[in-house]
Each structure stands twice: as structure tokens, then as C-alpha cells.
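Student: Need coordinates for the following:
(4 chains)
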Number of protein chains: 4
Amino acid sequence: MQLGMIGLGRMGANIVRRVVNDGHECVVYDHNPDAVKAMAGDERITGVSSLRELRDNLAAPRVVWVMVPAGDITTGVIDELATTLDSGDIVIDGGNSYYRDDMRHSKTLSDKGIHLLDCGTSGGVWGRDRGYCLMIGGDQEAFKHAEPIFATVAPGVAAAPRTPGRDGEVSQSEQGYLHCGPCGAGHFVKMVHNGIEYGMMAALAEGLNILRNADIGTRIEKGDAETAPLTNPEYYQYNIDIPEVTELWRRGSVIESWLLDLTAIALHESPTLTEFSGRVSDSGEGRWTAIAAIDEGVPAPVLTSALYSRFASRRLDEFADKALSAMRKQFGGHDEKPGA
Amino acid sequence: MQLGMIGLGRMGANIVRRVVNDGHECVVYDHNPDAVKAMAGDERITGVSSLRELRDNLAAPRVVWVMVPAGDITTGVIDELATTLDSGDIVIDGGNSYYRDDMRHSKTLSDKGIHLLDCGTSGGVWGRDRGYCLMIGGDQEAFKHAEPIFATVAPGVAAAPRTPGRDGEVSQSEQGYLHCGPCGAGHFVKMVHNGIEYGMMAALAEGLNILRNADIGTRIEKGDAETAPLTNPEYYQYNIDIPEVTELWRRGSVIESWLLDLTAIALHESPTLTEFSGRVSDSGEGRWTAIAAIDEGVPAPVLTSALYSRFASRRLDEFADKALSAMRKQFGGHDEKPGA
Amino acid sequence: MQLGMIGLGRMGANIVRRVVNDGHECVVYDHNPDAVKAMAGDERITGVSSLRELRDNLAAPRVVWVMVPAGDITTGVIDELATTLDSGDIVIDGGNSYYRDDMRHSKTLSDKGIHLLDCGTSGGVWGRDRGYCLMIGGDQEAFKHAEPIFATVAPGVAAAPRTPGRDGEVSQSEQGYLHCGPCGAGHFVKMVHNGIEYGMMAALAEGLNILRNADIGTRIEKGDAETAPLTNPEYYQYNIDIPEVTELWRRGSVIESWLLDLTAIALHESPTLTEFSGRVSDSGEGRWTAIAAIDEGVPAPVLTSALYSRFASRRLDEFADKALSAMRKQFGGHDEKPGA
Amino acid sequence: MQLGMIGLGRMGANIVRRVVNDGHECVVYDHNPDAVKAMAGDERITGVSSLRELRDNLAAPRVVWVMVPAGDITTGVIDELATTLDSGDIVIDGGNSYYRDDMRHSKTLSDKGIHLLDCGTSGGVWGRDRGYCLMIGGDQEAFKHAEPIFATVAPGVAAAPRTPGRDGEVSQSEQGYLHCGPCGAGHFVKMVHNGIEYGMMAALAEGLNILRNADIGTRIEKGDAETAPLTNPEYYQYNIDIPEVTELWRRGSVIESWLLDLTAIALHESPTLTEFSGRVSDSGEGRWTAIAAIDEGVPAPVLTSALYSRFASRRLDEFADKALSAMRKQFGGHDEKPGA
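Tutor: Numbers count the residues shown, from 1 in each chain, chains lettered A, B, ... in the order given. Predicted coordinates:
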């Protein structure tokens, strides 16, 4: 089967490698010609220098995977594809688009008879080897046509033991891809996945921070009028070897997880993480998940707290904190303490 | 009536002024002789240089108010009073003691027949004029004996319109003091009061921060692979005059409050609060309130979030944030961004 | 001055009373004729039965206040006014509209030369006597024209002591109304106000719940394998008189506030609040405030927690809770406990 | 090697099975004689009917594992062991004791020359096959003596791929057990582990609830004065197959985890989880973790939110919610809505 790939960043390039390794052919494009050149050397990969050329090298109905940054860039590519591809062709948006944009993009394309499949793609830099978890929305028939590609990109059933009770034929979900519903459903599920990821990451990070400060009884001076003394310093005298603890938890504990595996790697490489500043980016899905919770009227305190902690890590709470200090000064005459 | 006062800091000195202005006599002590000298000049105030001397200048049964920092210092004074005062005397701990310490202190004193009244005292630097809101625990008879002092220190019923339905005789609570229960009940109620205060302060501070950033659509650059673009910059184009807004809300709004009054003062003095660093102290009660909620098994997400925001304002989340950045680097190859 | 009023619910009717009491004239309309009739008997009030008739009874340039439910109903009225009023007329939307809708409504009206002023209105059922706090956005000249009405509806400077440092001429904000900025700015500020209100209410509510359960050491049985025993039951033996405590805090405490006054009234009327089910509604602004925080990238954990607590009070967390129980059963064989 | 086991509940019995399968001998006791009888039939297992008899069947220095409910029951067993065992013997507390209790228990035992090792044991009902993750505190020499038992109970290095960069000799942590520090360190690390577990569980649960309500645009009626209408019902029209989504995420996604595996099992067995009420227990460690965060002064909003959600699932927020409804009624005349 043939696949067109637009966008040869880390994710796009790795997906191409995975697809051709499985015997498919790829026609690849990137706005940066060097990225196209870097894919050369595999006879199943054809580099092209325009979307038009991409179109011409694919047999109809074409399947074109778009793997570019979400937002205006994706919209630009979709708009161009709407005027380049033919009716019956299929566009897969594998990026991190907001599912609401999918609805708009789908309209743009369907006006020309082109199908949009939105495809949430999880796996990060490890996906080339592990395979990518694919959450797909859009027209069922278009999905069926592109399914061999999804099956190739996904990890496959062997990536994890089968769930007890799941016997017989292997389901889509067990192979690591799933048609989740109509347009936007794929990115909606991916969005919630990332929201959960934020929460899990924060759970780990907070826990490690508590371990890190388990020696606070050895460090804290007596309190003053502004700060309560630590009531029980004798309970906080531990120097925990955090890299070893994260390694420990990888076997037999309830919190076994890939994020824990990665944390153990990171802490083995750098036990105190001093090379990091702790300014944590967020990339859309965490925000959108919280907004979905609010729109739906369901509580999501953990997911939202995780998001807010990232904002706070970038000091975006500054004016609020100043307001608190100002209030404290007004009612209690409390001056801020220089180092606390 | 006579009152002994130990501790002539801001609060202690102001309470003495209030008490003598109402016709009572005070015998005052501070470990700093200059603080004692500073109270001179009022014939109803007698300065002394030891707890023994304080005792000797008061007629039994003595009422001695302790207004010193909570923790070891208060414990030290209580211990000394246990050996200085006589059976039947009454000690009022007006500081910010943990109610659990009251139980211990009460035992120390009652072994000598001395009563402890724990007295949560709210009012800050404004209390001298406004009066102090007093939350009192301990023996009912001891409370009755000291009640005239409490009535003097409290604001009195005229400080606020009577609640509809409260007619006839004025209750303790309407005068601004209340016997809340046995030993510790006063500081327990004060602790929860401060927990509420933390939550209200944070509610205001967060809201002002949202107003402050209502112009973010004019400031934010396009997103990148690490940061989602602001979906709707057109919705965030406001330059809100925050000092005027806080002044506005003081009349007729649902959030009329003393904390808002103080915020309006602070912002009128300093519209951008640039002289504050935003490192917000916390002084015990907020922590204890959260612990009480956890012990009781009741949710207190607002009060606890307010506490955690203060911790975060002092960068105590640093290792957690570094762990998040380290995880992001592992799974996605994401480097931290220098300025975001 | 003349004012047209559309919508004679609690708020609309009370604003009309306030306006005519101050010497202005009102032409009033409601889709329910009985509501119009109920306003009869004051010669300064003219009831009408259609928007056309409302228009005909007002001299140009007309000022028409819309006080109907936000959302589709407000949009419907705006659309009708766009075809009924004349160029130069002014529409005030005094309801709880989303500020983003103001932008749309403003466009609808400005296409006909009509001005929209968005006016966040705080004060609830007490506003008729206390006056309403008014947060206004839109064209500056239109605002100036309507300002006498705003000045009448607002509480006036006497409603609170002037902030220290504010001398001389009384500002808009001190009178209780403020032109906050261009279209939407008024409802934006009102939205944040309500967000703060949610946070303050939750702070109070959580604190009262902690007081309520201060006797838990007298009630809790021993723990079991599923539930930790209360470590220190001796610390939770208090029966706090919550109505008296809320009354107490009204004088001299740091948390003096109108919400506290109202809580004291409610608890004086009904000390255990047994007539309430505890299913707490939310009406839009709390949600929108949290979404604004997320869009702006600023942490708002307190305001958002307050919102989520309301969702949880309506059991909208049900599936999440079932999922937790299901996980616990899977990994630990824990069955749910019937009553805990 | 010989091991004494006290407590033959699910965990204790499974540990015994694992230990004897690896060639060690066990002397087992439970206060319930039937539990002892149930272990019969393996010649390496000796059942006894008293702690004295347990002592007599073990060669000194004895290693005795206590696996009984935390709190008073564990304390009772420790007290009895202090008078039964000999100097030089080793007691392992493998239950969920509070690390602060370990310090007390250690004192009780060390007065008789007996060592206490506190051992946090994770693995639930699956541990017999998977092995248990063991977090151990206490005297280093005592640990060394008992280490063969820990090595047997732990999963062993093969349970997970080795972390990149970890070559050569296999560390304790890689085998699934770790001496974490002095007395209490094991249970401290286990406590934080469970705190993280609470956070991860809640992250998953909240995410699933958001998926569950992704169809809310098809269900929600128009808003009213009390409830904002859903602004964009068209964005919430998805019927997500949640069991399939959890299965999907098990392969290739960032949130791969054992908790997700268990969730997939649970949802495969019961797609709507109707047999659960959603009253979620908590068992101590989540509370203690939050208290540790507060004592240390580090923010833990995610872990604490997860805890509070469990409290709320058991309706422990009831009085707070009633107070909110009461306030809303006071300021806005809002009655609670029967079903919302």
C-alpha cells in the first residue's frame, strides 16, 4: 500500500520508517528540503518537493498523513490539500490538533469530496520501535481503506499480554489502534489521554518531591512569627535515594508504568536533575481536557491541578502571589521575608 | 479589673491600650525591657521586669494574657507561669498556638490548679481601633471570670448591623467574642478561621491575576511544537484597571469583604505591586486546617489549594517541576524552553 | 431621564423601582403581561406590550436595559432590538451574558448604528436597597450618555467608607459603577467577580464543614483493613455551635464579608440547614472564569476547585468514582463498603 | 532459611506460598485457627497456635514477618513479640503501618534487643505470582540477615527490562526490594508510593469520566436562570466505547501502566461498572502522604485532590454543600433544583 507523508519531523520520519519496514511504500514531503533528503536511501521512499508532486506520485484513492504542528500550520496544509487532492482521497491528521479544528478541517475537505481522518498519535520518540497508539475519528469507510497503515504504525497485540477474558480474534484496540467515532473522536480521545498523562506525571513528580524533602527536619530552622516551626522534625530525617526508589517501583508495585520507567531512566542519568530549570511547558491537550471537563460539568481536580502546576512552574502566578503578600502586609503588617 | 500582659509586640501592646482605654488596669511584661518602657506614660499601666513581679502586682485570682509567638516560646512562658502563679489564677493564651498544644499546656497549668483559656485573636494591626474577634476555649467558670476583659478587647455589637432575626439581648457572639468549648476549642475555631482566610485571599488573588492577564491576546506570540497557540486571542484584549475594579467591588457586589477593602487600599497605594516579590509566607493555621480536614475525612480542596499556592510561591515545587521536565524530555525529546 | 426595561424578573423589577425612586421615568416590558401589570401604580412607570411599543414611548437616543436570562433568550431580544431601535440608540445588557456573546451581539447592533453596553450587575435580591455594583463595557460615549442611570442603580459612595488615600472627587468606582473597557469588558470583570465569589463561598463552606466534623473523634468507630483508624480521636471532640461562630466572625475578624453576613443569617434561621439537599447549581460565570484562566495560562486552583465541588455536589463524578472502586477491587480485592 | 509469619490473610498467606516455593521453611500463625489449617499440606509449612509456639519452632536469630492490619492490632502483636522473642531476633512489619508508629514499635522492641524492619509491601492480590515490591527501613545488619527472604518475596530483575545504563551487577532495587534508610524509611516510601497511586488512579478515573460524558451535548436540556446552557453542544456528541479505549491505551501510549491494565480488565468484565456504588474507601497512606507534604511545605495538589475526591465520593462534603445552597438562597433567592 502507498502512503503520502507530509511533515518529516521526529514523529513523521519515524512513522515513515515503520511503514516502509512493514513493506509499504511512502511518498514524503517536508517544507524543509533537507528533511526530505534525510529520508533518501530506501527504495520504498520517494521524496518530493511539493504537495502537487506528492499527489502525482500516489495512486487514487490516495492516503496522505499530515504530521505537522497543530494550529495554523496544520490548517494551512489542509487548505492546500483541499485544492490539490481529488474526491475520494483520504487525509489523516496525525498531529495534535484540537478536535474542534478537525470539524472545521473536515468541512473544508468534504466540500471537495475528500475524507478527513483525525488520528491522535501517542508514543513520542520511542514510537518507531514500540509502535504508536492510534486514536482515530472520521468516516468509517475511509478508516477501513486506511486501516492497513494504522495496523502497521500501531504496536500490535504482542506489545502487551492480552487482557484476561479477551480470547479469540484480536480486536483493533488490542492491536493498538481504534476507530473511536465520527470526526474529532480520535483527537478527543487523544486529548483526554494527554490529560491523564498530565495527571499521572504530576502524581509521580509530587511524590518524588515529598521524598526529596523527607530530610526537612534536618534542614529547617526554628519558625518565627511569620512561619510555623515544623511541629515534628524527628519525623523528617530521611535521605531517600530517589533514583533507586524509582527503579525499585518498576517491579511489583501498583504504580508500574511507562512514565515510571522513563523517570527511572532520567534519574539514573541525572540523580538530582540539576540540568533542568523546572519550567514545564504545556502543549494544548491538557488545557483542552480541563475545558472539556468544565463544559461537560464533571469534576477533574487532578487533571486541572496538574495543568495549573505547570503554569505555576513558569511563574504565571506572579501577580496573584504579589496580591497575597500585599494583603498580608495590610492586615497584619507582615513584610515579605527575603528568602522565604 | 486587672489584667497582666506578657508580650508587648504589635498585638500585645494594642490590646493593652484597648483594655486601659476602657478603664481597666494592666501590668505588662516583655523580655525586651524597651518594649515595657514604650508602654509608660499611662497611669493605668504598670511595667514590670519579671513574671514574678507581674504576679506580685496582680490581685488573686489573677488574669494573665500571654501574647508571644506560638511554639517553643509560648511553651516556655507557660512552663514558667506554672511555677509562678497560684492555684485559681487564669492564663489566657492569645497567640496563634496549635490547639493540640493547648491541651498539653492546660495539663501543665492545671497540675498547679491554674486555668488555661485558649483565645484565638483575629484583627491584625487594625484591631486596636476595630477591636479583636476572640474565639475562646477552656473552663467555663474561668471564662466567666475573665469575660469583662474579653468584652473590652472585642469590637462590640455596634461594629456590624445586627443579623435579621437577632433581637433582644445581645449575645457573646454579637459582641465579638465567644466561648467555643473546652480546652483548645478557641484555637481550633481560630485555626479554621485562618484556613477560610487563606481561601478567601487566594480567591481574590487568583481573580486579580486573571484580570491582569486579560490582555494576553495582545502579548502572546504564536505557539510552537511545545506550546499551544492561544486559540482565541481576540477574547483577551482587555487592559483592566485593577485598582479601580477592586474599589468598585467594595460597594454592592457579592464579594464585599474586609480583605477586599484591604486589597483596594494596597492597590491604590501601589497599582502594580512591584515592590512585592510574591514569596508568600504561611504561618501554621493554614497547614493545621488542612490537616484537620484530612483527619476528619472531609474535602477541603479550596483551603488546601490556597495553602499549596503559597508553598509554590516560594518555589518549593522545584524538584517536582524538574521531574516533569525530565519526563517530557524522555518521552518526547522535549527540551525545556529558556523563557517559558 | 428615560429608561426602557426589558425583563421584569426579580432583578429587572428592582432596578426599575430604584430608577424611578430617583426621579427617572421607565418604560417597561416583559413577555409575561402579568409581570408588566405588577409594575403598575407608579406614574413614572409605563407598561408596554411589545418592543415596538417600548421604542415608541422612549425619546431618541433611547436607553434600553435588557435584563433577561443569558444565552438564547438574550440573543433573541438583541436580534429583535436590532430591527426595532434606531441608529444612535443604546442597549444595555445587564444580564449574565458570556462576554464573548457581547462581541457577537455588539456586531449585530452596530450594523444598525445601535450601541451595546455590556453591564455585569451584582447585588442579587438585596440590590434594590443596597444598590447594584455595575461593571460596564462598550463605547465610551454611549456609556457617558447612560451614566446617570448607572449612577442611580449603583449604591453610591456612602455605601462604604472611602479607602484611605482616596480624597477629593469621588470616582466612578467609588460610586459603585465603572466603565471597564471596550465591548465585553464589563461582563469579563463580572465573570471574574463571580469566580471569586465561588472561591470565597467554598472557602467558607469548607471551613464550616471542618467545624461541623470537629466531633468526629466521638463518632468514628475503629478502622478496618479498608479504612485507617483516626490516629488521634482525642483531638476531635468538639461540638462547635456553628451559627454562633459565624455571627462571631462578623465583628473584628479578617474574614468579615457580606457572604459571611448572609451565612450568619441562614444559620440563624436554620442551624443545621436540613432543608437543603446540598445539590449546588452553577450558572456559567464560574465555568467561564476557569476557562479564562486556562486560556490565559494562569493557575486558578481555588476558583476551579470551588467549581468542581459544585459539580461533585450534583454527583457528576459518579463514573469516576465507580472506576476507582473497580480499580481497587482489581488490585487489592477490596469490595466497596456498604456505608463508607 | 526459616521465616515466621504472623497473619494469614490474603497477603500473608501468599507471601508464605512464595517463600516456601523458593525452598525456605515457614512457621505460620494466625489468631484464626482456620487460617492456619488452610495452609496445611506443604511440608515446609508448620502451623502453630501461639506466638510462643512460633518462637519455639524457629532457630535464633529468628525472622518473624507480621502481616496484620495497621494500628492497634499491629501494636498488640509487636507488644506481645517484645515479651516473646529473644535479643537479636528480627521482626518485619510488612503491613501498612504509619511510619511514625514504626518509631514507637522499634523502641518497644529494641528495649529487648529485638530489631524492627519496617517493610512497605506493594502488589495486592497479584503479588503471589508477580512478586511484591518491598520498601524496607531499619537496621542495616538486620536487613542483611533477612535479605534472602526479601529477595524471594520480591519479583526479581526479570520482571521488567533493565533500565538503559544499568549494566553489570543487579542492584537491590532492580530485584524489587530496597533498604531505604533507618527505621520508618520503608513505610515512608511506601506511603508516598500509595499517594502516587491515588493520584494516578484519579487521573485515570477523571479522564474516563470525561470520555463518558462526551455525549453530553445530546443529553442536556437548555439552561435556565440557575444553569448556564452548554455553549457548544455540537462539540459533545461522542459515544465513546470506554472499555475499548482503555484496552487501546495499553499498547504504545504514554499512559501504559499496571493500573490501566487493571482498568481494562475491570471494564472488559463490566463495561458500565453498574455493580459499583462509587463510594471509594481510603486506607491511610493517602492521608499521611498529604500530611507529609503539608509538614514539609511542598505542594501536592494532585495527590491531595485525589484524596479529597474519595472523601467527596462518600458524601463527606455534605454540610459544605448545604452551606453553599444556603448562601445562594440568601443572596440570590435561588432555590435548589430538585434534580440538579
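Student: what about residue A:234, how many residues close to it?
Tutor: 11 (other C-beta atoms under 10 Å in any protein chain shown). Every residue, glycine included, has its C-beta placed from N, CA and C.
Student: May I ask you to confirm that it is in contact with residue A:217?
Tutor: Yes: counting by C-beta atoms under 8 Å, residue A:217 is a contact partner of residue A:234 at 6.3 Å.
Student: who's in contact with the residue of the stretch 1-150 of chain A found nearest chain B?
Tutor: Distances between the stretch 1-150 of chain A and chain B by C-beta to the nearest C-beta are smallest at residue A:124, namely 4.1 Å. Residue A:124 makes contact with B:331-333, D:254, according to C-beta atoms under 8 Å, 6 or more residues apart in numbering or on different chains.
Student: Which pLDDT value goes with it?
Tutor: With respect to pLDDT, residue A:124 scores 83.
Student: before we move on, what about residue A:332?
Tutor: pLDDT, read off for residue A:332, is 84.
Student: Need phi/psi at it.
Tutor: phi -120, psi 0 (degrees, to the nearest 10).
Student: number of nearby residues for it?
Tutor: The burial count for residue A:332: 20, using other C-beta under 10 Å.
Student: Run a quick check on it versus residue B:123, I expect a contact.
Tutor: No: checked against C-beta under 8 Å, the pair residue A:332 and residue B:123 is beyond contact range at 9.4 Å.
Student: Please enumerate the shared neighbours of those two.
Tutor: Common neighbours of residue A:332 and residue B:123, using C-beta under 8 Å, 6+ apart, do not exist here.
Student: Distance check, the residue of the stretch 101-250 of chain A found nearest chain C against chain B.
Tutor: Residue nearest to chain C within the stretch 101-250 of chain A: residue A:164 (10.3 Å; C-beta to the nearest C-beta). Separation of residue A:164 from chain B (C-beta to the nearest C-beta, to the nearest Å): 28 Å.
Student: So residue A:183, which state does it fall into?
Tutor: Using DSSP: H, G, I helix; E, B strand; the rest coil, the secondary structure recorded for residue A:183 is coil.
Student: Might you report the residue contacts of it?
Tutor: Residue A:183 touches A:102-103, A:106, A:116, A:118, A:137-139, counting by C-beta under 8 Å, 6+ apart.
Student: 10 Å instead?
Tutor: By C-beta atoms under 10 Å, 6 or more residues apart in numbering or on different chains, residue A:183 lies in contact with A:99, A:102-107, A:110, A:115-118, A:137-139, D:237-238.
Student: so what's it closest to, chain neighbours aside?
Tutor: residue A:106 (4.5 Å; C-beta to C-beta, 6 or more residues apart in numbering or on different chains).
Student: tally of neighbours for residue A:67?
Tutor: Look at residue A:67: counted by other C-beta under 10 Å, it has 26 neighbours.
Student: Hmm, it is touching residue A:35, no?
Tutor: No: using C-beta atoms under 10 Å, residue A:67 is not in contact with residue A:35; the gap is 11.2 Å.
Student: rewinding a little: let's test this: what are the backbone torsions at the residue of the stretch 101-250 of chain A closest to chain C?
Tutor: Residue torsions, per degrees, to the nearest 10, at residue A:164 are phi -50, psi 130.
Student: Quickly note the distance from it to residue D:268.
Tutor: 8 Å (C-beta to C-beta, to the nearest Å).
Student: neighbour-wise, which of those two wins?
Tutor: Shown here are residue A:164 and residue D:268; by other C-beta under 10 Å, residue D:268 has more neighbours (16 against 11).
Student: quick one: which helix or strand includes the more buried one?
Tutor: Residue D:268 belongs to helix D:258-269 when elements are defined using DSSP states H and E.
Student: Please see if the following helix or strand past that helix touches chain B.
Tutor: Sequence-wise, the next helix or strand downstream of helix D:258-269 (DSSP H and E) is helix D:285-296. Yes: applying C-beta under 10 Å from any C-beta of the partner chain, one finds helix D:285-296 in contact with chain B at D:286-291, D:293-296.
Student: returning to that earlier point: is the helix holding residue D:268 positioned near chain C?
Tutor: Yes: residues of helix D:258-269 contacting chain C under C-beta under 10 Å from any C-beta: D:258-267, D:269.
Student: What about the contacts of residue A:183, which are in strands?
Tutor: A:115-118, A:137-138 (DSSP state E).
Student: Adding pLDDT, write the residues you listed out as JSON lines.
Tutor: Compiled in JSON lines, the ones in strands among the contacts of residue A:183 are given as follows (pLDDT from 0 to 100):
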{"residue": "A:115", "pLDDT": "98"}
{"residue": "A:116", "pLDDT": "98"}
{"residue": "A:117", "pLDDT": "98"}
{"residue": "A:118", "pLDDT": "98"}
{"residue": "A:137", "pLDDT": "98"}
{"residue": "A:138", "pLDDT": "98"}
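Student: from those, which is closest to chain D?
Tutor: Closest to chain D, out of all of those and judged by C-beta to the nearest C-beta, is residue A:137, at 8.4 Å.
Student: was I right about that closest one contacting residue D:238?
Tutor: Yes: the pair residue A:137 / residue D:238 is scored as a contact, 8.4 Å apart, by C-beta under 10 Å.
Student: Between these two, tell me which one has more neighbours.
Tutor: The neighbour comparison of residue A:137 against residue D:238 (other C-beta under 10 Å) goes to residue A:137, with 29 against 22.
Student: Show the contacting residues for the more buried one.
Tutor: Contacts of residue A:137 by C-beta under 10 Å, 6+ apart are A:93, A:99, A:102-103, A:106, A:116-120, A:143, A:178-190, D:238.
Student: Tell me the confidence at the residue nearest the centre of chain A?
Tutor: Closest residue to the average C-alpha location of chain A: residue A:194 at 5.4 Å, with C-alpha atoms, centre = their mean. Reported pLDDT at residue A:194 in the predicted model: 98.
Student: tell me the SS of it?
Tutor: helix.
Student: Can you tell me how far it is from residue D:243?
Tutor: Applying C-beta to C-beta to residue A:194 and residue D:243 gives a distance of 20 Å.
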